[in-house]
Structure formats: C-alpha cells, structure tokens
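Chemist: give the three-dimensional model of this entry:
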Amino acid sequence: MKKYLICLLWLLWLPTQGQPIITLEQCYTAVRETYPLTKQKALIQQSGELAVASLATNRRLPQLALNGQATWQSEVTQLPIELPNLVIPTLSKDQYKLALDASYALYDGNLTRLQTALQQATTATAQQQIDVELHKVKDQVNGLFLQALLTDENLRLTQIMLEELHNRTEKIKASVRFGTASQMNLDGLQAEALRSEQRLAELTAARRGLRDALSLLTNLSIDDSTRLVVEENPLAIKSNQPVNRPELKLYDAQRSLYAAQLALTDTKFRPRLSLFGQGGAGRPALNFLNNDFRGFFIGGLRLSWNLSAGYTLRNDRQVVALNREVVDVQQATFEKALRIQLRQQQTEIERLQALLDKDGTIIALREKVRKAAAAQLDNGAIAARDYTTELNNENQALLNQKFHELQLLLARVQYRTLTGN
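Modeler: Sure, this is the predicted structure:
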C-alpha cells in the first residue's frame with residue numbers, strides 16, 4: 001500500500017515543467033477534426049459537387065437515346081386500287097426499326113440553373129445540420145473535461161488529508177506507548193486513514209476512466225501525466241454578446257433551400273425549346289410504301305409547354321411558403337428557449353460567485369477548528385472520531401471551494417457554448 005501511495009503522490013505532484021498540456025480549446029478543435037460526423041460532412045460536400053457537375057454536363061451535352069423495336073401486326077396499309085401493268089408493293093406484317101434520338105435544349109426555362117441552386121442549397125443545409133450535431137458534442141467535452149479537473153482536485157485534497165492522518169497517527173502511537181492516549185483513538189485514526197486510501201483508489205479509477213473517455217472522444221493522447229488546462233478567463237460574460245449558434249445558420253440554410261424550391265416550382269409552367277434529330281434504319285423507313293430496309297433521318301425544332309402544370313402551381317407555391325413559415329416558427333422557439341437558458345446560466349454564475357465569496361471564510365474557520373481539535377487530541381481531551389470529524393469538515397470545505405470554482409468555470413464555459421462562441 002505504501003508503494004501505491006508513493007506512486008500516487010508522485011503522480012499528483014509531478015513538476016509542471018515538461019508535462020504535456022491539453023487545453024479545452026484543443027479538445028474542441030480535435031473533436032471538430034476527428035469526430036466521425038466530420039467525415040460525413042466531407043462526403044456530403046463531394047456528393048453535392050458531383051450532382052452539380054452532372055447537371056452541368058447534361059445541360060452542356062445533347063441527350064442521346066438508342067431505341068429499337070420489332071413488331072408484327074395483323075394488318076398493314078394497302079392502296080385500294082389496282083392499275084394494269086403496275087405492281088403496288090405490299091408492306092410486310094413484320095416491321096423493324098432502330099434509331100438514335102438526339103435532343104439539345106435551347107431554352108429549358110432556367111431549369112438547370114435552378115436545379116443547381118437547389119442542389120447547392122440542399123448540400124449547405126445538410127452540412128449545417130452536421131455542424132449542429134457537432135456543437136452538441138461540445139457539451140460532452142465540457143462535462144468530461146471539467147469532471148476530470150474536479151477529480152484531480154479531489155485526489156489532491158484526499159492525499160493531503162491522508163498525510164495529515166498518517167502524521168497524527170504517528171503522534172498518537174507515541175502517546176499510546178507512554179500511556180497518555182488510548183488505543184481506541186489510534187484505532188479510529190487508522191480506520192479513517194484506511195477509508196481515505198479506499199477513497200484514493202476510487203478516485204484514481206474514476207480519474208483514469210474520465211481521461212480515457214476524453215481521449216476517445218477527442219482522439220488526443222491523454223494519460224495520467226497530462227495536465228488539463230482551461231484558458232484563463234474563458235469568457236467575460238456580457239449580456240449583449242452576439243449569438244453564433246449553428247442552429248441559426250441552419251435556419252438560414254433551410255430558408256435558402258425553400259427559396260430555391262419555390263423558384264424551381266415556377267419553372268414547371270415555362271415552355272421548353274430544343275433541337276432534335278433522329279437517325280436510323282428500319283422496314284419500312286419514312287416511306288411507308290417502300291418495303292425494303294432503308295436508312296432515315298429527321299430533325300428540327302421542338303416546342304413543349306406543359307399547360308397542366310398550372311393546375312397545381314398555386315398550391316405548390318403555398319406548400320413552400322408554409323414550410324418557410326415553419327422554419328420561422330422553429331427559429332423563434334429556439335431563440336426564446338436560448339434566451340431562457342442564457343438567463344438561467346447567468347443566474348447560476350451569480351450564485352456560484354456568491355458561494356465562492358463565503359468559501360474562504362468557511363475554510364479559515366474550519367482550519368482553526370481542526371487545529372484546535374488536533375491540540376485537544378494530542379492532550380487526550382477529545383476522542384479520535386471528534387478530530388477526524390473536524391478534519392473531514394475542513395477537507396470538505398476545501399473541496400467545496402474547488403468544486404465551486406470548477407462549477408463557476410463550467411458555467412462560464414457553458415455560457416460560451418450556449419452563445420456559440
């Protein structure tokens with residue numbers, strides 16, 4: 001057990017020089033760079049670029065289609081006349097056709113341009129949704145990081161308490177040998193020391209677990225010797241601080257997406273003008289009175305206008321407009337909830353600051369009481385359990401102070417996270 005305590009003491013009191021340092025901001029950066037969702041964001045970008053490239057290619061190049069058919073029909077066209085010395089050919093009932101169809105849009109109602117804008121808006125919205133999910137991971141980083149700091153401080157204070165118990169135990173042992181103290185007091189101190197050693201073992205395991213979890217989350221190398229540091233003054237809390245939450249950018253991206261959808265909806269009622277051509281071979285070809293296999297070609301301009309698209313155009317526009325209103329409602333709801341959260345966080349910061357203002361006085365009084373109890377224990381005026389009670393009270397006061405400091409730090413970090421800064 002002594003070897004274990006020596007190793008633990010060495011671990012907690014390693015010189016800060018040369019120790020690897022990991023800051024909270026480094027953890028944020030590492031999560032953004034290595035979290036699996038980040039890879040998904042890159043994949044969405046690549047997919048969107050490929051879709052846009054495909055739209056540009058289809059607009060630039062003619063559309064080609066190879067069509068063929070072989071048919072048999074029960075009756076064919078015949079001329080209802082007979083002329084002397086003239087044989088009028090009869091078409092075969094089995095007919096064949098193989099043709100290459102080509103078309104090139106001269107005017108597509110801006111369809112390609114609007115489809116490109118829609119695809120870009122879709123990609124931007126999907127990527128912004130990933131940013132929203134990544135922002136949520138910051139809460140996990142905050143929790144693990146600050147809990148690890150609190151565990152480190154708990155270990156340090158428990159070690160100090162254990163050293164005090166060992167020192168006091170040695171003094172009581174001498175008093176027991178000379179008959180000025182009872183064995184019961186010595187047993188009480190030794191039992192309390194053993195309980196502190198148990199606490200050290202629990203805290204050491206918890207410390208390792210928290211650091212492992214933080215390492216897995218951030219993909220950073222965080223071991224027992226790594227110092228976890230929060231940058232000084234993480235935020236001076238300001239009531240008018242700008243909000244840069246990714247959710248707000250997501251709402252803007254969704255509105256842009258619906259604007260692109262509305263513009264694309266209007267193209268349904270626009271005419272299309274294109275060049276077309278068809279070339280191939282068949283029996284019969286363009287001359288239905290010729291029953292031989294022959295080649296053929298036909299080309300020209302084609303105008304198409306889907307007038308029936310006007311039936312639902314108004315409803316389609318209203319659907320898009322309603323979806324945009326839904327986004328506005330969602331943003332208003334989010335902003336109201338965020339204002340409430342920020343106000344609650346400000347209240348929490350003020351509460352913790354008030355507690356910290358009293359912690360110093362409480363610690364001074366607890367230390368004074370503990371020193372008096374130690375003197376009384378040395379003189380045999382009180383039992384060991386009375387002394388250990390005061391020792392635990394002082395240790396708890398110290399731990400409370402550090403806990404409040406870290407809570408205040410976490411509250412400020414959480415305020416920064418809530419504002420998206």
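Chemist: bridging residues for the residue lying closest to Ala65 once chain neighbours are set aside?
Modeler: Of all residues not flanking Ala65 in the chain, Asp101 sits nearest, at 4.6 Å (CB to CB, 6 or more residues apart in numbering). Just so you know, the C-beta spots here come from the backbone N, C-alpha and C atoms, and that holds for glycine as well. On the basis of DSSP bridges, Asp101 is bridged to Ala65, Gln278.
Chemist: Asp101 against Pro62, yeah?
Modeler: No: contact criterion CB atoms under 8 Å: Asp101 and Pro62 do not qualify, at 9.9 Å.
Chemist: so the closest residue to Thr90 other than its chain neighbours is in which element?
Modeler: With sequence-adjacent residues excluded and distances taken as CB to CB, 6+ apart, Thr90 is closest to Gln78, at 6.4 Å. Per DSSP states H and E: Gln78 is located in neither a helix nor a strand.
Chemist: also Tyr96?
Modeler: Judged by DSSP H and E, Tyr96 forms part of strand 94-107.
Chemist: all strands of the protein, in order?
Modeler: Here the chain has its strands, by DSSP state E, at 21-23, 63-72, 94-107, 227-229, 272-283, 294-304.
Chemist: as JSON lines, those with mean neighbour count, distance to Thr388 and mean pLDDT would be great.
Modeler: Formatted as JSON lines, the strands of the chain follow (neighbours: other CB atoms under 10 Å; distance: least, CB to CB, whole Å; pLDDT from 0 to 100):
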{"stretch": "strand 21-23", "mean neighbour count": "15", "distance to Thr388": "37", "mean pLDDT": "88"}
{"stretch": "strand 63-72", "mean neighbour count": "10", "distance to Thr388": "88", "mean pLDDT": "92"}
{"stretch": "strand 94-107", "mean neighbour count": "15", "distance to Thr388": "89", "mean pLDDT": "92"}
{"stretch": "strand 227-229", "mean neighbour count": "16", "distance to Thr388": "31", "mean pLDDT": "87"}
{"stretch": "strand 272-283", "mean neighbour count": "16", "distance to Thr388": "90", "mean pLDDT": "92"}
{"stretch": "strand 294-304", "mean neighbour count": "11", "distance to Thr388": "93", "mean pLDDT": "92"}
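Chemist: out of these, which gets nearest to Asn167?
Modeler: Closest approach to Asn167 among the strands of the chain (CB to CB): strand 227-229, 28.2 Å.
Chemist: and the closest one, how far from the chain's centre?
Modeler: 24 Å (CA atoms, centre = their mean, to the nearest Å).
Chemist: also stretch 264-276?
Modeler: 40 Å.
Chemist: so which of the strands of the chain comes closest to Ile363?
Modeler: Comparing those by CB to CB, strand 227-229 comes nearest, at 23.9 Å.
Chemist: show me what that closest one is packed against.
Modeler: Applying 3 or more CB pairs under 8 Å, 6 or more residues apart in numbering; DSSP states H and E, one finds that strand 227-229 contacts strand 21-23, helix 111-177.
Chemist: among those, which is the most enclosed?
Modeler: helix 111-177 (a mean of 18; mean count of other CB atoms under 10 Å).
Chemist: which elements pack onto that one?
Modeler: Against helix 111-177 (3+ CB pairs under 8 Å, 6+ apart) you get helix 2-12, helix 24-34, helix 36-60, helix 183-218, strand 227-229, helix 246-266, helix 313-378, helix 384-419.
Chemist: excluding its backbone neighbours, what's nearest Phe269?
Modeler: The nearest residue in space to Phe269 (CB to CB, 6+ apart) is Ala309, at 4.9 Å.
Chemist: quick check: the one you found touching Thr267?
Modeler: No: in terms of CB under 8 Å, Ala309 does not count as a neighbour of Thr267; the distance is 9.1 Å.
Chemist: residues in contact with the most centrally placed residue in the chain?
Modeler: For the chain, Leu134 is the residue whose C-alpha lies nearest the centre (CA atoms, centre = their mean; 1.8 Å). Counting by CB atoms under 8 Å, 6 or more residues apart in numbering, Leu134 makes contact with Val31, Arg32, Tyr35, Leu37, Thr38, Pro246.
Chemist: one more time with 6 Å
Modeler: Neighbouring residues of Leu134 by CB atoms under 6 Å, 6 or more residues apart in numbering: Leu37.
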